Every structure is written in structure tokens, then in C-alpha cells.
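[1] A structural model of the following input is requested.
(3 chains)
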Amino acid sequence: MSGPGAALDPAFVEDATVVVEDASVWFGQKVALSELGCSFGPGVAGLLGPNGAGKSTLMRAVTGLVGVNAGRVTVDGRDPRQDRDVHHRIALVPEDEAVPGSLTARQLVQYVADLHRVKDGDAAERALGTVDMLDAADRQLAGFSKGMRQRAKVAAALVTDPAVLVLDEPLNGADPVQRASLIQLFRRLGAEGRTVIVSSHVLSEVERLADRVLVLIHGRLAAAGNHRAIRDAMDDRPRHVLVRVDDPRRLAAVLLELETVVGVSLTDAGLVVTTERAGDLAVAVAPVARTLGVHLREVRPLDDSLESLFRELVR
Amino acid sequence: MSRTEQVGAVYDRGYRPYDGPRGGRRAATAALYRTSLRRAIGLRRPWRQKVAPAALLAVAVIPAVVNVGIGYLTRDTPAEGFQFITYREYVGVSSALLLFVALVAPDIVCPDRRQRVLPLIFARPLVGRDYALAKVGAIFTCVFAFSVLPQAVLYVGKMLVSRGALDYFRANTAVIWQVPVAAALLSLFYAVLGVAVASLTGRRIVAGASMLGVTLVSSTVSAILIHADNGGRVVQGNHPAALLNILALPLRVRDLVFLGRIGEDSPLSGVAGGGILAAAGFTAVVAACIAVILYRYRSVET
Amino acid sequence: MTTIVRARGLTKTYPGVTALAGIDLDIPEGRVGLVGANGAGKTTLFRLLLGLARPTSGTVEVNGIDVAQDPIGVRTNIGYMPEHECLPLDQTAADVVSTFGELGGLPVRAARQRASEVLDLVGLDEARFRPVGGYSTGMRQRTKLAQAIVADPKLVLLDEPTAGLDPSGREEMLALVARLGGFGIAVVLATHLLDDVAEVCDHVVMLDGGRLVTDAPTTTLLQRTGTVTVDVGPAAAATLAAALAGRGLTAMLDEHGATVEVTVTGDGDLDWVRDVVAEMGLPLYRLTNRLTSLDDVFVHRGPEQR
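    Model prediction:
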């Protein structure tokens, strides 16, 4: 499935740090990943899929915690399972892993720093500062809310200054303020050139967070790329666009004459146009409105949110 | 052409409001009691869960059957009148009951805490006292039933194999009130002890082991003290340290019910005011257990 | 519209911390979202509503019943869906829900009947005869919801009902919650996900540090900012922004650089946008008013104009 006019399959990026080649992972009878091919590079990528689709397995394979039974996974061209060097450049923040409650945040971060032999003495402080946890750094983890525990884990992951950061549902349990600041943080990390891979179930946030998304279903890639482009690629399904103008009937009459417009219906909210190709409608709507002299007040696709995309894919 | 009417309808199986009667605390407590009792007996649960109560019932009933059998066999013979086990002795086949309570009380009490079901329960129209009552009530019912039913079997059996049923009845009327009362006191004791110990933890195994531990340790300590004091000789009776034996407290009270005094076979016999001390000890233990239970299930903080 | 929860000067302090500080609330019937940071007082409020904690001062009434006077009466008509795991794992859902129906005061037969109906409603089919221990998160959440409504309460308190659910599960749960209003059940939905609130709730209550920040209908919070978002595709966004600026409009790229945000004061400005887009032959994928999101209200304490 290639995107419109793209030379490269959207599952892959040009400047890839992490490359997954036809990787398969199975646990006994259960096939967790099935000949998966994709790559990740600098920036933020969102990993989506129903529960049990293989997201966690993919994350573990990328960070070397799980070996692939077939195919290859490489980070900077090397095997994350064998190569110690590469191992220090990847960090994973898993979803529900328990942390020893009697440690303080600072102790946890320092412990991870020591484990990875981080030479920089200030690394722990900086990591805590990045997640805005300096004032709570000396409190025990057991007393933290879920959102704060997540942040502590992110700090522990950042202390090694990883080139690749993999986060499994990092926004779980975070309150709105924490969510907003974590989203900002991840975008910044991606902008710095790190490869950030985030999985989340809250699709509206993935839209804000990620530059591209990969959708996994039953261990296979169901879609990849920019979510609007994905929606366009699903061109066997008609699109619905809401168009609000001051004179809907005149507009409706003209739009119906367009080839790609299949139907038009008048609703309280405005004109709902059903089209086979959203792109063709988009090109036509402003010129038509201008010619007719109607005020174009709103143009809104009713089904291009990540949510509706997901719904279509999972069906 | 005849006109056939086509009829069809789609019924909305959506939500229906409830207009019926609603019980309050009493109904909720009764429901909790029923659920706990079912769980204790092993109803609606896999077969493994039914082993303990079944085994207990068997252990409880066998002496009755044996006694009746012997009574039948020795009828009209010189050995007539031989009692395999007296009614008094029969109330409180201690080890079996203790094991049962140590197994079942944690099973109906601990999971509510461990699996964090308590907030869900207390969001219903009941308070801590009601919860305690339901749980204690469930254990009480089991132990009481397992104490009294075999006795009933024994009584009726003996009546049938004796020469004159009515004569037997007249000769043994006291038993008819003694057994239930003693059994009730015994059941109450075990029920509150079991629930109190179980309420202290969320882990069933810890609770069960603790209960066995507490009772056995107390009886051992008591025996050691008596033994030491008697200079290593085995002497029956006459030692107040026998009160420390928690396991035996209900048995002392049972003796009080049946005999009006401490039985000769008890280490407590001969101690001045032994009966009163036993009763006081019994009450103290029961009160302490109830206090623990109410504390652990205080549902509303002030 | 009736008031389902009324609080006056509601305060709850523990040694060293004030969980709620003098709150006045008038929560209407319907679907109400309760949002706040961790520790803002949401859980404490729920406990006070259920009569599981006594207020340090102030009063709170649920369905017209003073909770301090008659906590049992209040609990007869409330359903509660906690956030944490709270189901007995070795019982089946059918068993659990009917037992909790009985605990709520329903006669045995009615409880069993209603249990079956609400389990239908939440979509637990064959699975209801298997022990809860083997359920997925989605199934457990649905069972929790079922036990909350089995006794036909007037009010349900839902604590993070979509936690742990994948997007489809979340959609289904929110759809169920939305339907509850139609059944005459008032809903208070405590959540971190402002999107859930925007989607399902008619009214929003925001708490912060034990204080009331907002208590208002959702619609008044989501207001027009006077900005429209124009999407002509990421490739052309910058060019469009420049062209619009050239015509005297305030036009800037958004944070992704993919869309253009234009300040618009009326149809005249909109017509400029329309004409520029048409002249440049750009595809107009989207032209929408940028509304304040609850995020803006909550995170920035006030609708923001960009």
C-alpha cells in the first residue's frame, strides 16, 4: 500500500534508525508479529492497534528484549539483542512494569544511569528536570500517582540520552496538565533528532503527537503514514464532507454535476457531500463557491479523524 | 384475491427501569449472608471447594452412626448402655471444626479485601456492622449445623433402637436443649475467631495458618505451663493456666451447659471458681474478636 | 432541569492536606464530566457523595437526600464504577452482577432478571458464564458498569471508565455511557481524558487542588475563538499563509506546519480566504472554526485566542 505519489512505501522512512525486515515473532502457537516490515527515523511515530495486536511485541523486538523468530530487526544497522553499544542507545518505557516503591524518583534515575555507566554526573538531574520532576524527586515512588510514576520512568529512560526512545502508553494515568506537557516533551525530543516511538489508545492525542502512524492489527501492518494520506488511500470507500454556506441549494445543484460527487444531502448543520475522491472535491469547492458568490463558512471532512480511520480498518 | 394482513413488530430490548420493591440494610445483609454461606458450603463452585465441608460433615456424622450401630448391636445384651460417645463429648469434635473454620473463614473474608471488592460492597446500602454480621453469620450457620445435625441423627437413632422410644425421650430430655445451646456457643466462638483473624489480612493462607497457629500455640503454652508447674508429673486438673488454652475454652463452656460445672476430665477441674473463670475467658475472647472485626470493617471514617 | 447533586461549602480535610475546600456545586441531571489533576479532589468527592466519608464541614445532597443524615438512603440510589480492579475473580459475571443487584436491595428474582438485562446492554454475551478472572480489560470494564446500573440507580459515578481500553473499546464504552442519560440515569464521569468529556458530557465540573474551577455547560466552554483553521495540505500551507498575509490577513502556520490559522472577523475575511484558495488552485480539505478545546480551558485556565 503506497501513498499517493510517494516513491517509498510509507511504512518506511528514508533516514531510518530502526529497521524491521519481515520480522515474525511467535510465542508457542500464538503469532505476535507476522512478517512485519517497517522502519523508524528521527521524529515521532505513533503505533496504534487493538489490544493484542502486537504493539508491545514490536516495541520489545526493537529494544532487543525479545528475539525475532524470523526476519531481522536492526538499530543503526546493528542487532539490538547482541550489540552492547547499541543497547545503551535505546530506551524502553514499558506500560505496566512495577517499580520498587521504596526508591525515590532520583534514586531510580540514578540507578538506571549507573546501570548503563553514564559518565555524565549531571545526567540524572537533567533528566528529572526535563520531565519537570525536580521538586518531587526525593519522594518515594510508592506514593506517586500513576501519571507521576510514568514521568519518573520517562526520566529514567532519558538519563542515558538515548537515540531511540520507545514508550508504551506513556500517557496512561496522566492528568490533562501532565498529558499536555508530556506531549510537548515528546515532540521536542523528536525535533531534536531522536527516534521516538509511542503507542497510545487515545487517538486524538496521537494526532497531536506523531508525525506518522503505523497501525498494527493481528501482528500485521494494516496502514502506515500520515493519517489523512492513509484515509485518502482507502479510496474504495466514499467520503463525507460537510460544507456550510449561506445558500446551500445553489451550491448543491452545482456540486451534483461534478463527476466525483455521488450524493448531496441537506442537513441542519449544512450540506453533506458524498464523494468518491476527497481530493477532487477539495479542489473544486472554493472555485465553485467563488463563482456562485456564496460565503464559504465551513468545510469539514466528517470521517478523516484517526478515530474513523481506525474504525474502518478494524472492521 | 383475499387480503392477508402482514404484521410484524420490533421490540426494543433496551433498558427497563425498575419499579419494584427495594430492600434496605436488612435485605442487603441477608443477601451478603446468603452469598457467603453458599461460598462456604461450596455451592455453585468447582468440586474442589466442596471437599472441606463434605469431609467435615462425614467426620461429624460418623460417630453418630457408629454409636447408633453399637446401640443396635448391644440391644438386649449385657453390654447394653455402652456409649461410644456421649452427647456432651460430641459437641465439639474440635480438630475437625477448627480445620474447617481455618479453611473456610479466610475463603469468604480475605478475597473481598485482596481483590478490592470492599469499596464496591460498601457503596451499597449497608455499613460495616452489617458486613461483619453477614460473614460471622455464615460461618456460625455452618459450624452450628455441622454440630447439631449429627446430634439429631444420634438422638433419633438411639430412640429408634432403644426398647421404648418414649422412655428414651423421658430419660434424655435435658439433651434437647443442652446440645443446641452448647453448639451455639461453640459456633459463635469459632465464627468470630475465624472472621477476626481473617479480617486482618488479604491472604487466605496467612489467615488460615494464623488461626491454626494461635489456637495451637495457646494450647501448647498452656500445657507447658501446667506441666512445668506440676514438676513434670502428669496430673489431671487443678491448674488455672488451663484457661490460656483458647482451643479448649468453648469446651469448658460446653461443660458448664451440660453439667453445670467443669468436667472431671478437664485440666481446669478442681480450680476454685473454675466455671466462672472459664465463662469469663470465653466472653473475653469473643468480645475481643468482635472488636477486631468491627474495627477492620469500619466503613465510614469520621 | 433538576439538580442531582447540591453541595454548599463542602470541605474535607485530612491531617496535613485539604482535599476539598469549601465547594459549592449544583450539578444538573444529565451527563456531567468531572475533571481535575490527580489529587484535585475527584475521589474525595465521590466518597463524600457515597457517604463513605463525612465532610469536615458543609453539606451535600444527592437526589435531595442529605448524605450526612441518610447515607444509606443515598446509597440505595447510586451506582459506582471504581477505577481500580474490584471484581471477585472466581465468580462469573452473571453471578457477580446479580449478587450486587441483591446487595443493592433487589429481590432475588428481580436481581437475576435485571442482571441478565444489563449484561445484554453492555454486550457481554456467552462470556458472562465464565469466571471474571479470565476476562480482558474491556470485558471487566463492562462488567463493572453492569454492576453499577443493575439496581436501576438514579445516579452513577464512573471513575475513568475508558482506562485501559483500546480505541474501539473506548468508543463502545462512551456510547454506553451516552445512552445512560436516555435511561433516566444521571451520570458523573470522572476522567483525565478531556476528549471523552467533550464527546459525551453536557456539563463540566473542574476541580483543582480541592477548589472548584469551573461548573458550566460544555457548550459555554467550547467557544469560537475568531480563528479559522485552513488545510490545503502540508506542501502548500506556507505558500497560502504568505499569500493571505499579503492580502492583509493575520495568517500563521500551526505547530506542525501543516495547516494555516487565520484570524477572521466576518464573511468578508472568509471570502478573501475562499478567493485566494480558488485563485491558487489549491485543494481545500478543511476550513473550520477553531474552537477552544477543554484543553485550553483546563491547561491554560481560560479560552485562548491565537
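[2] show me what contacts residue 162?
    Just so you know, I chose chain A. Going by Cβ atoms under 8 Å, 6 or more residues apart in numbering or on different chains, residue A:162 touches A:88, A:89, A:90, A:91, A:194. (Glycine included, C-beta is placed from N, CA and C.)
[3] not quite, I wanted chain C
    Here residue C:162 is in contact with C:141, C:169, C:170, C:173, C:174, C:191, C:193, C:196 (Cβ under 8 Å, 6+ apart).
[4] how about the helix or strand harbouring the second one against chain A, any contact?
    Element membership of residue C:169, judged by DSSP states H and E, is helix C:167-182. Yes. Helix C:167-182 comes into contact with chain A (Cβ under 8 Å from any Cβ of the partner chain), by way of C:167, C:168, C:169, C:170, C:171.
[5] I'd guessed residue B:109 sits against residue B:207; true?
    Yes. If you go by Cβ atoms under 8 Å, residue B:109 and residue B:207 touch, sitting 7.4 Å apart.
[6] where do the contact lists of the two overlap?
    By Cβ under 8 Å, 6+ apart, the residues touching both residue B:109 and residue B:207 are residue B:198.
[7] out of those two, which sits in the more crowded spot?
    residue B:109 (31 against 25; other Cβ atoms under 10 Å in any protein chain shown).
[8] mind checking how far the more buried one is from chain C?
    Separation of residue B:109 from chain C (Cβ to the nearest Cβ, to the nearest Å): 12 Å.
[9] quick one, what contacts that residue?
    When contacts are counted by Cβ under 8 Å, 6+ apart, residue B:109 touches B:135, B:195, B:198, B:199, B:207.
[10] So residue B:201, which state does it fall into?
    coil (DSSP: H, G, I helix; E, B strand; the rest coil).
[11] can you pull the contacts of the residue lying closest to it once chain neighbours are set aside?
    Distances taken as Cβ to Cβ, 6 or more residues apart in numbering or on different chains place residue B:207 nearest to residue B:201, at 5.2 Å, with adjacent residues excluded. Neighbouring residues of residue B:207 by Cβ under 8 Å, 6+ apart: B:102, B:105, B:106, B:109, B:110, B:197, B:198, B:200, B:201.
[12] one more time with 7 Å, if that's ok
    B:106, B:110, B:197, B:198, B:201 (Cβ atoms under 7 Å, 6 or more residues apart in numbering or on different chains).
[13] how about those in TSV, adding distance to residue B:154 and neighbour count?
    Below are the contacts of residue B:207 laid out as TSV (distance: Cβ to Cβ, whole Å; neighbours: other Cβ atoms under 10 Å in any protein chain shown):
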residue	distance to residue B:154	neighbour count
B:106	31	26
B:110	35	22
B:197	31	28
B:198	31	31
B:201	38	18
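[14] related to what we said a few turns ago, make JSON lines out of the contacts of residue A:162 and add neighbour count and pLDDT.
    As requested, the contacts of residue A:162 are exported to JSON lines (neighbours: other Cβ atoms under 10 Å in any protein chain shown; pLDDT from 0 to 100):
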{"residue": "A:88", "neighbour count": "16", "pLDDT": "83"}
{"residue": "A:89", "neighbour count": "21", "pLDDT": "88"}
{"residue": "A:90", "neighbour count": "23", "pLDDT": "91"}
{"residue": "A:91", "neighbour count": "24", "pLDDT": "91"}
{"residue": "A:194", "neighbour count": "21", "pLDDT": "94"}
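[15] picking that back up, list the ones among the contacts of residue B:109 that fall in helices.
    B:135, B:195, B:198, B:199, B:207 (DSSP state H).
[16] pretty sure the first one contacts residue B:107?
    What that stands for is residue B:135. No. Counting by Cβ atoms under 7 Å, residue B:135 sits too far from residue B:107 to count as a contact (10.9 Å).
[17] Please identify which of those two sits among more neighbours.
    More crowded of residue B:135 and residue B:107, by other Cβ under 10 Å: residue B:135, with 27 against 20.
[18] Disregarding residues adjacent in the polypeptide, which is nearest to the more buried one?
    Sequence neighbours aside, residue B:195 is the residue nearest to residue B:135 in space, at 5.2 Å (criterion: Cβ to Cβ, 6+ apart).
[19] Would you confirm that that neighbour contacts residue B:138?
    No. Applying Cβ under 7 Å, one finds residue B:195 not in contact with residue B:138, separated by 8.9 Å.
[20] Name the residue in the two with the higher neighbour count.
    A side-by-side neighbour count of residue B:195 and residue B:138, using other Cβ under 10 Å, places residue B:195 first with 29 against 26.
[21] which residue is nearest the centroid of chain A?
    Closest to where the C-alpha atoms of chain A average out (Cα atoms, centre = their mean) is residue A:46, at 1.2 Å.
[22] quick one: it is in a helix?
    No. Looking at residue A:46 with three-state DSSP, it is strand, so not inside a helix.
[23] Enumerate every residue touching residue 173.
    All of this is about chain A. A:145, A:146, A:147, A:150.
[24] ah, I was thinking of chain C
    Residue C:173 sits next to C:141, C:161, C:162, C:165 when contact means Cβ under 7 Å, 6+ apart.
[25] Show me the shaky parts of the stretch 151-300 of chain C.
    C:224, C:299-300 (pLDDT under 70).
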